[in-house]
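Undergrad: I would like the atomic coordinates for the input below:
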Amino acid sequence: MRKDTYQEQDEYIDLGRLFMTLWHHAGMILLCGILCAVLGFLYSVVFITPLYESKAMMIVNPGQRDIVTSDQINSAEKLVDTYSVIITSDTVMDQVISNLSMEHNYKEDVKFVGVEPVNGTQVMEISVLATDPQVAQKVCTQITQVAPGVIVQAVKAGSMELVSAATLNERAVSPNRLKNAFFSFLGGFLLSSVVILIYSLLNSRIKEGKDLQQDGLILLGIIPAYRGD
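TA: From the prediction side, this is the model:
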């Protein structure tokens, strides 16, 4: 029992020493974190191309009847997944690219085109990410104009109607510079802490008499440093 108590005390002392080591180097750790945060922010500004998003909404109509039944609504919800695949297919996108004369710069300007159902309904949201807000809106608008004809021709039934036109968002959605700066700060903070702890554990030099006392050793005396005249 007494041996276990000594072991627990030694572990407590070791943890205390590690904490004090970090505390003594708190300024350096904080400085490393701030430096990494600044570098992360500058990297986001200089090297990461901003992306702008445009969104549009369309609704799926399973049939041409004036009276819409619950079965038709359920069928429309299932058709959303099928229509999503068709919208992002080469058949639609090639026509969009041709209409906008973007054969040479489409891959450089447009980074993402996606379609998602809205809360499990028969409404789908089309989103486009591009390096220019005007380009994102134009591509999204063309998709809403080209897709209905291609879908009707492919499925041979139903239709699509525009719910909300493509938006123009001049505020970049990516990168999140503050988020990148925060994670850079966190990475620098943790990395510097780990380096300091490892150095402290591997450094077996005794600098002061209290270092002996912390290791359970007795200080017999101190030899003063000799300085010649």
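
Undergrad: who does the top strand by length along the chain touch, helix- and strand-wise?
TA: Determined from DSSP state E, the single longest strand within the chain is strand 52-61. Strand 52-61 is packed against helix 70-87, strand 123-130, helix 133-155, strand 159-164, with contacts defined by 3 or more C-beta pairs under 8 Å, 6 or more residues apart in numbering; DSSP states H and E. Every residue, glycine included, has its C-beta placed from N, CA and C.

Undergrad: just checking: what are the partner strands of that strand?
TA: Take DSSP bridges as the rule and strand 52-61 pairs in its sheet with strand 123-130 (antiparallel), strand 159-164 (antiparallel).

Undergrad: so of those strands, which one's packed in deepest?
TA: Ranked by mean neighbour count, the strands paired with strand 52-61 are led by strand 123-130 with a mean of 21 (mean count of other C-beta atoms under 10 Å).

Undergrad: over to the closest residue to residue 80 other than its chain neighbours: give its phi and psi.
TA: Ranked by C-beta to C-beta, 6 or more residues apart in numbering and with sequence neighbours excluded, the top spatial neighbour of residue 80 is residue 117, at 4.6 Å. Main-chain dihedrals, residue 117, degrees, to the nearest 10: phi -70, psi 150.

Undergrad: report the contact partners of residue 142.
TA: Shown in contact with residue 142 (C-beta atoms under 8 Å, 6 or more residues apart in numbering): 96, 99, 100.

Undergrad: show the pLDDT at it.
TA: Predicted confidence (pLDDT) for residue 142: 97.

Undergrad: how near is it to residue 122?
TA: Going from residue 142 to residue 122 by C-beta to C-beta, to the nearest Å gives 22 Å.

Undergrad: for residue 95, same thing?
TA: Shown here: residue 95 relative to residue 122, a distance of 24 Å by C-beta to C-beta.

Undergrad: could you do residue 141 as well?
TA: From residue 141 to residue 122 the distance is 21 Å (C-beta to C-beta).

Undergrad: list the buried residues in the longest helix along the chain.
TA: Criterion DSSP state H: the longest helix present in the chain is helix 177-202. The neighbour-count check on helix 177-202 (16 or more other C-beta atoms under 10 Å) flags 177, 180, 181, 184, 185, 188, 189, 192, 193, 196 as buried.

Undergrad: ok, now stretch 162-172?
TA: The neighbour-count check on stretch 162-172 (16+ other C-beta under 10 Å) flags 166, 167, 172 as buried.

Undergrad: let me see the mean pLDDT of the longest helix of the chain.
TA: The model assigns helix 177-202 a mean pLDDT of 93.

Undergrad: likewise for stretch 98-108?
TA: Here the average pLDDT along stretch 98-108 is 93.

Undergrad: export it as PDB, just CAs?
TA: Extracted in PDB, the C-alpha atoms of stretch 98-108 (Å, rounded to 0.1, in the frame of the first residue of the first chain):
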ATOM      1  CA  SER A  98     -21.500  25.100 -75.100                       C
ATOM      2  CA  ASN A  99     -24.200  27.700 -74.400                       C
ATOM      3  CA  LEU A 100     -21.800  29.800 -72.300                       C
ATOM      4  CA  SER A 101     -18.800  29.200 -74.600                       C
ATOM      5  CA  MET A 102     -16.700  27.900 -71.700                       C
ATOM      6  CA  GLU A 103     -15.100  25.000 -73.500                       C
ATOM      7  CA  HIS A 104     -11.600  26.200 -72.700                       C
ATOM      8  CA  ASN A 105     -11.900  27.500 -69.200                       C
ATOM      9  CA  TYR A 106     -14.800  25.500 -67.600                       C
ATOM     10  CA  LYS A 107     -12.600  23.200 -65.500                       C
ATOM     11  CA  GLU A 108     -10.500  26.200 -64.200                       C
END
